[in-house]
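Enquirer: based on what follows, work out the 3D shape:
(one chain, ligands or ions: 1)
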Amino acid sequence: MSGSPAADVPASRPAEGAAAGRRPEGRPLRPYGLRCEHRTAPLGIDEPAPRLSWRLASDRRGDDPVAYRVRVAERPEDLDGCRQLLWDTGRVADSRATAAVYAGPALRGRTRYHWRVSVWPAGTAAPAEATSWFETAFTGPAAWQASWITHDPRPVEVMDAPTEGESALDHHGLAPCPVLRRAFTASPGARARLHVSARGLYEVRLNGVRIGDAELAPGWTDYHRRVQYQTYDVGDLLREGENVLAATVADGWWSGFVGFEPRRAGAHYGSFPQFLAELHLTYPDGRSAAIVTDGAWRTSTGVIRHADLLMGECHDLRHACDGWELPGFDDGGWSPALVTDTDRRRLVASVDEPVRATAELRPSSIRRVSPDTHVVDFGQNLAGRVRLRIGELAAGARVVIRHAEVLDASHRLYTANLRTAAATDVLIGDGRRHFVFEPRFTYHGFRYAEISGLPELSESDVVAVVLHSDTPWAGEFDCSDAGLRRLHDCVVWGQRSNFVSVPTDCPQRDERLGWLADAQVFLPTAALNADVAAFFTKWLRDIDDARSPDGGFSNVAPRLVGVCDEGAPGWGDAGVIIPWHLYRTYDDPRFLGRALEGMRAWVDLIRRHNPDLVWRRRVGPHFSDWLAPGTPTPRDVVATACFAHSARLTAKAADVLGHTDVGDHYHRLADGIRRAFTECFVTVERAAAGPDAVRITGDTQTGYLLALAHELLPDDLVEGAAHRLAELVESAGPALVTGFLGVALAAPVLDAHGRADLAHALLNRDEVPSWRFPLRHGATTIWERWDGWTPEAGFRAPAMNSFNHYALGSIGEWLYRGVAGLDQAPDSTGYRHLRIRPRPGALRRASARHESVRGTVEVSWERRGGRLALCVRVPPGATADVYVPTTDPRSVRESGAVPGVGDRHITLLATASDHVLHRVSSGTYRFTATCPPAVGGAGTTPAARPSLTPGRHMPGPAAKPSSARSHEEDTP
Ligand code: BGC
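Expert: Modelled structure (predicted):
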């Protein structure tokens, strides 16, 4: 995972001295991590009112901002004065803001703007400042001149008689990738911006040098509604005289295979890929030129005989046309480009970070399985592709790379669970020596690759290239239990593998769709691990584009014809839940502003079909609590709980946006659904002593989890429901028998109702169903099913058995919020008010760090010698409620002193039997208190250790986890 850029890290770590009891002054308040539209210095935005945001750091306590000022200018030097400023907020007295939305004169297209934020601390000190920039691209379709072009697909068959390479995968009906080139005259020294898109995927080069590092660009959208383009600065690549722009395009999501619907397996948007580009040159003397895609481009096909996301890619080097991307190549034998149309209305600037190759993994083992075939284990399930160094390949000789997540009983690739995804890359030689093969327009979900056609294969010849949307990494979790560390690793790898332009369900089989429920249950975890604001900004547009004419959200976005369109409970509701969570995380009300109409339409739609407020009709395919192993939760219970939740969040969104009447309306509706839920599904047996026996129809864990999480019960029934939930969890193992909708709620709800011990018990369990069971059997990512493979039954039915599905990984949230204790208070947005409440369980230590929109939040705690030390870092402008776990309130100290004595930054709020609660201002704090020693639990019992012997059929534990420290090392 690529880390955040250096500028994103506050300039110094928490004051070491503070942790040691001393409190040196350290560096004062300062802004850092400047973002425009949630991205660092974006090149080529089309947002007319961009949001400019910053984070804050200070090494001093209570060093909060009192005011800010934002200035925007076209020239950086103008930021120093007042005259040439384009926009100036002036000094705004605001101690909480970390963003301003541009409200100056209309931004011009294709222009770089510089901006500066100044932040004043209290007192008379001068403001601290930081500067960044953003650049606009096209401000509307009228500005474009380019046409969509391609290599004329009609004569392809005639031009390229079938060869071995093509016929091998003929049944897929895949065509060679068009290559396109345009020579032009230029000189170095020009400002040069290249704006590029494709209906399909593109890779573009200028004078032979690849432009940018985006993979699978321009990304997946519903191309009938929106086609993204990217902007690149290519000034450094211009040369005197002849220059050449060269592009290869591939089917991608546009015309390749997507999803699993056999009646509509491919070509969802078009039948052949097309390309569009504009290169704008502006010379220092004012001359300008534009090279745009049009009929003057020359086209052909080249080495890539087919490229498909699901099927794989085939390179036949005998079709190589060396030098075609360079000046001087004679393209006289090529065809003129076919201009397909000039429709530029759907072009939009991309708003998120592209998919990038972010890591390379060397094999952990290579096993020869026949004279010219090897099975390579990369030690980690991932999404990406294999890069192979080839010494020599005879003309016509083939190297075939097949991919799989797991091995079968005979230690060969198990590919049945890929369904129709061939996931096979092919290389056909032409006799050349010493070259590198790497597919460019496909990706696979795999840990193992079977490489045939090479008699020798050494570890230095092969790497797995990891691909994913490059969301900046923003979280760290660590603890004393090696099992939990590995679980966190699996969760993170699930996120890496499945954030590929859209949040997908899985990266390996013929599916890889943006399923809404999977994403909504995983979002809280994802947003702790990484900064996903820009990624989800883009996907919320996809969700909006996928809405039905009657206002319904879909089940997958981008929408695919034939893939169960009508939004189901918990799936369609993601259209409401996701913007709300993003608003809370990133403190950007525009998430709600853009979504409110869709939220209302969704809730109204359900209401229209269900006037009695019990959601039974218009439930789409109703997946219910998908893949729950236990007794199914009644569908109307699941649906009505989701309906109530969506209505409530819609009301809250309207409140935030100041639409009070609208808010009131949906609050009343939510109240009504809540009543209907209780009337229809809740029964109570009053008890003479102890809590009343509360029963929710179906009596399933998920039923209680939904009712408690979404506050659907009258106050006097909450305790009884929580009690019953705990009974059900306990009697099941303790174990969780929920599916996708219940799993994300389990630990937070149990914790909220005083049963953090049960949440820990669930984490410690290592039999099916549990998170540790897959770990015991070598999992390196989260499985789709609790029992995807068991020693007794082997693999579950291949039709639905992914080993890289993040939904059950939604427990990751509680590792941060519960185990480490890093959380924001329920009514807080953008980490303004933190809640630091560790749930140590039987662990010896845990820590978490999150780079929030406000600045760095850190928590770490450790037990040693009967005392617990809890270190907390609170960013400027924030406050925190710190729960120090202890049964002896008088033992609590902060930096060695009685808390609050002589320090106005600490206030005692409450003392309880198991904790002391303080409110603190921004800064770094080190609390200590006596605490009982850690006993029992995972991390201390042999049963919880990851098995060191590989399962009978499954691979052994990952050979390379970053948390490779031994379990024993950390046992208290
Ligand atoms: C996907 C899931 C998805 C589900 C809908 C499956 O095929 O893999 O993750 O949510 O369909 O129930």
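Enquirer: and residue 601, that one's in a helix?
Expert: Yes: counting by DSSP: H, G, I helix; E, B strand; the rest coil, residue 601 falls inside a helix.
Enquirer: strands of the stretch 501-650 of the chain, start to end?
Expert: Secondary structure of the stretch 501-650 of the chain (DSSP state E, counting those that start in this stretch): strands located at 502-503.
Enquirer: who in it is up against the ligand?
Expert: 505-506, 511, 515, 517-518, 623, 626 (Cβ under 6 Å from any ligand atom). C-beta here means a position set from N, CA and C on the backbone, and glycine is covered the same way.
Enquirer: from those, pick the one nearest residue 254.
Expert: Of all those, residue 511 has the smallest distance to residue 254: 17.8 Å, by Cβ to Cβ.
Enquirer: what is the least confident helix or strand in this protein?
Expert: Within the chain, no helix or strand scores below helix 967-970, which has a mean of 32 by mean pLDDT, DSSP states H and E.
Enquirer: the residues of the stretch 501-650 of the chain next to the ligand: which two are farthest apart?
Expert: Spatially, the most separated pair among these is 506 and 623, at 15.3 Å (Cβ to Cβ).
Enquirer: which one of those two has more residues nearby?
Expert: residue 506 (28 against 21; other Cβ atoms under 10 Å).
Enquirer: the more buried one contacts residue 804, correct?
Expert: Yes: Residue 506 lies in contact with residue 804 (Cβ atoms under 8 Å); the separation is 5.6 Å.
Enquirer: any residues in contact with both of those two?
Expert: Jointly contacting residue 506 and residue 804 under the rule Cβ atoms under 8 Å, 6 or more residues apart in numbering are 445, 498, 784.
Enquirer: from these, which ones fall inside helices?
Expert: The helices, defined by DSSP state H, take in residue 498 from these.
Enquirer: go through this structure and flag its longest strand.
Expert: Counting by DSSP state E, the longest strand found in the chain is strand 373-392.
Enquirer: what's it packed up against?
Expert: Strand 373-392 sits against strand 355-361, strand 365-370, strand 398-404, strand 424-428, strand 433-437, strand 444-452, strand 462-469, helix 482-498, with contacts defined as 3 or more Cβ pairs under 8 Å, 6 or more residues apart in numbering; DSSP states H and E.
Enquirer: quick one: strands adjacent to it?
Expert: Paired neighbours of strand 373-392 in the sheet (DSSP bridges): strand 365-370 (antiparallel), strand 433-437 (antiparallel), strand 444-452 (antiparallel), strand 462-469 (antiparallel).
Enquirer: got the CA positions of the shortest one in CSV?
Expert: So that's strand 433-437. Extracted in CSV, the C-alpha atoms of strand 433-437 (Å, rounded to 0.1, in the frame of the first residue of the first chain):
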residue,chain,number,x,y,z
ARG,A,433,15.4,-12.7,-25.9
HIS,A,434,15.5,-10.9,-22.5
PHE,A,435,12.3,-9.1,-22.2
VAL,A,436,9.5,-8.5,-19.7
PHE,A,437,5.9,-9.6,-20.1
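Enquirer: residues contacting it, please?
Expert: Surrounding strand 433-437, the residues in contact under the criterion Cβ under 8 Å, 6+ apart are 315, 387-392, 399, 427.
Enquirer: closest to residue 681 among these?
Expert: Using Cβ to Cβ, the contacts of strand 433-437 come closest to residue 681 at residue 387, 54.9 Å.
Enquirer: surely that closest one touches residue 467?
Expert: No: with contacts counted by Cβ under 8 Å, residue 387 stays clear of residue 467, the gap being 11.5 Å.
Enquirer: compare neighbour counts for these two and give me the winner.
Expert: Between residue 387 and residue 467, residue 467 has the larger neighbour count (other Cβ under 10 Å), namely 25 against 16.
Enquirer: related to what we said a few turns ago, of the strands paired with strand 373-392, which stretch is the most buried?
Expert: Among the strands paired with strand 373-392, judged by mean count of other Cβ atoms under 10 Å, the one packed with the most neighbours on average is strand 444-452 (a mean of 26).
Enquirer: now do the helices in the stretch 601-750 of the chain.
Expert: Assignment of helices within the stretch 601-750 of the chain using DSSP state H, counting those that start in this stretch yields the ranges 635-656, 660-681, 701-709, 715-731, 740-752.
Enquirer: out of these, deepest packed?
Expert: Across the helices of the stretch 601-750 of the chain, averaging neighbours per residue (mean count of other Cβ under 10 Å) puts helix 701-709 on top, at a mean of 28.
Enquirer: may I have that one as PDB, with CA atoms only?
Expert: Taking Å, rounded to 0.1, in the frame of the first residue of the first chain, the C-alpha atoms of helix 701-709 are listed here in PDB:
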ATOM      1  CA  GLN A 701     -29.000 -12.400  16.300                       C
ATOM      2  CA  THR A 702     -29.400 -10.200  13.300                       C
ATOM      3  CA  GLY A 703     -33.000  -9.200  14.300                       C
ATOM      4  CA  TYR A 704     -31.800  -7.900  17.700                       C
ATOM      5  CA  LEU A 705     -28.600  -6.300  16.200                       C
ATOM      6  CA  LEU A 706     -30.600  -4.300  13.600                       C
ATOM      7  CA  ALA A 707     -33.200  -3.200  16.200                       C
ATOM      8  CA  LEU A 708     -30.600  -2.100  18.700                       C
ATOM      9  CA  ALA A 709     -28.200  -0.500  16.200                       C
END
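Enquirer: and the strands paired with strand 373-392: which comes nearest the ligand?
Expert: Between the ligand and the strands paired with strand 373-392, the tightest spacing by Cβ to the nearest ligand atom is seen for strand 444-452, at 12.1 Å.
Enquirer: just how off-centre is the closest one within its chain?
Expert: 24 Å (Cα atoms, centre = their mean, to the nearest Å).
Enquirer: can you tell if that strand touches the ligand?
Expert: No: Strand 444-452 stays clear of the ligand (Cβ under 6 Å from any ligand atom), getting no nearer than 12.1 Å.
Enquirer: do you know the pLDDT at the residue in the stretch 551-700 of the chain that the ligand sits nearest to?
Expert: Going by Cβ to the nearest ligand atom, the ligand is nearest to residue 623 of the stretch 551-700 of the chain, at 3.7 Å. We have a pLDDT of 94 for residue 623.
Enquirer: find the nearest non-adjacent residue to it, please.
Expert: residue 568 (5.1 Å; Cβ to Cβ, 6 or more residues apart in numbering).
Enquirer: likewise residue 300?
Expert: Residue nearest to residue 300 in three dimensions, not counting chain neighbours: residue 334, with 4.5 Å by Cβ to Cβ, 6+ apart.
Enquirer: could you measure from that neighbour over to the ligand?
Expert: Residue 334 sits 43 Å away from the ligand, going by Cβ to the nearest ligand atom, to the nearest Å.
Enquirer: returning to what we had before: can you redo the helices of the stretch 601-750 of the chain as a markdown table with mean pLDDT?
Expert: Formatted as a markdown table, those follow (pLDDT from 0 to 100):
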| stretch | mean pLDDT |
| --- | --- |
| helix 635-656 | 98 |
| helix 660-681 | 98 |
| helix 701-709 | 98 |
| helix 715-731 | 97 |
| helix 740-752 | 97 |
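Enquirer: with distance to residue 484 as extra columns, can I get the ones you listed in a markdown table?
Expert: Putting those into a markdown table (distance: least, Cβ to Cβ, whole Å) gives the following:
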| stretch | distance to residue 484 |
| --- | --- |
| helix 635-656 | 29 |
| helix 660-681 | 35 |
| helix 701-709 | 22 |
| helix 715-731 | 19 |
| helix 740-752 | 12 |
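Enquirer: right, so of the ones you listed, which gets closest to residue 593?
Expert: helix 635-656 (8.7 Å).
Enquirer: and residue 805, that's in a strand?
Expert: No: per three-state DSSP, residue 805 lies outside any strand segment and is coil.
Enquirer: tell me the contacts of it?
Expert: Listed by Cβ under 8 Å, 6+ apart, the contact partners of residue 805 are 494, 498, 505-506, 518, 782-784.
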